[in-house]
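>>> after the sequence you'll find the predicted model.
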Amino acid sequence: MRYMPSVSPAIPDHAQNTLRAVGAAIRARRKVLGLAAAITAESAGMSRVTLSRIESGKPSVTIGAYAAAADALGLQVSLAEAVPAADSDELRTASTEGRVRVDRFLQLRALAWQLRGDTELTMTEALALYERSWRHVDVEAMSAEEKAFVEQLVDEHGGGRLLV
């Protein structure tokens, strides 16, 4: 007996649009970070073909695979109630404020080894990276400036708590 490849489930247009947007965001983040699809797929524990399907917004890919791809790129997939889209000028301004270059701090650079040194992270992304990988941070080797930076991140973006 021959088996046919599984077909994508029928989903509403708005859900398909959401998957396409998530896939496009994952692809855009990968490109901004300068990562090849094969390296990203390997980091996420999937094949390059699966990553390609995710970046295309295919509904046949599991939500877990979408989450793994996002996590490998320092993103999160979350569910939220639909809200009207923000003004694109407002989004552009918010995305350029409060960034840090990966190579600014020694321990941050070590945690973000897969990124180019000139890659800029938002403060929230930097805090999430420190929190996710804190077990790899050499606190003794941290400069006073980097320690102060982490404290600032925790105070301003972590509600006063470092989640490690």
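Received, thanks.
>>> wait, is Val100 part of a strand?
Yes - counting by DSSP: H, G, I helix; E, B strand; the rest coil, Val100 is found in a strand.
>>> number of nearby residues for it?
The tally of other residues near Val100 (other C-beta atoms under 10 Å) stands at 17. Every residue, glycine included, has its C-beta placed from N, CA and C.
>>> that one and Asp118 touch, don't they?
No - here Val100 lies out of contact with Asp118, judged by C-beta atoms under 8 Å, at a distance of 11.5 Å.
>>> tell me the confidence at the residue nearest to Gly98 when sequence neighbours are not counted?
Nearest residue to Gly98, sequence neighbours excluded (C-beta to C-beta, 6 or more residues apart in numbering): Met123, at 4.6 Å. If you check Met123, the pLDDT there is 91.
>>> swap in Ser133?
The per-residue pLDDT reported for Ser133 equals 88.
>>> just give me the neighbour total for it.
Ser133, neighbours per other C-beta under 10 Å, totals 16.
>>> check the one 5 residues further on too.
Around Asp138 sit 9 other residues, with neighbours defined as other C-beta under 10 Å.
>>> equivalent analysis for the one 4 residues further on, please.
Under the neighbour criterion other C-beta under 10 Å, Met142 is assigned a count of 17.
>>> over to it: give its phi and psi.
Backbone geometry at Met142, expressed as degrees, to the nearest 10, gives phi -70, psi 140.
>>> low-scoring stretches of the protein, by residue?
Within the chain, the stretches with pLDDT under 70 are 1-9, 80-97.
>>> contacts made by the longest helix seen in it with the rest, please.
When the chain is parsed with DSSP state H, its longest helix is helix 13-32. By C-beta atoms under 8 Å, 6 or more residues apart in numbering, the list of residues contacting helix 13-32 from outside reads 11, 37, 40, 54-59, 66, 69-70, 73-75, 77, 119.
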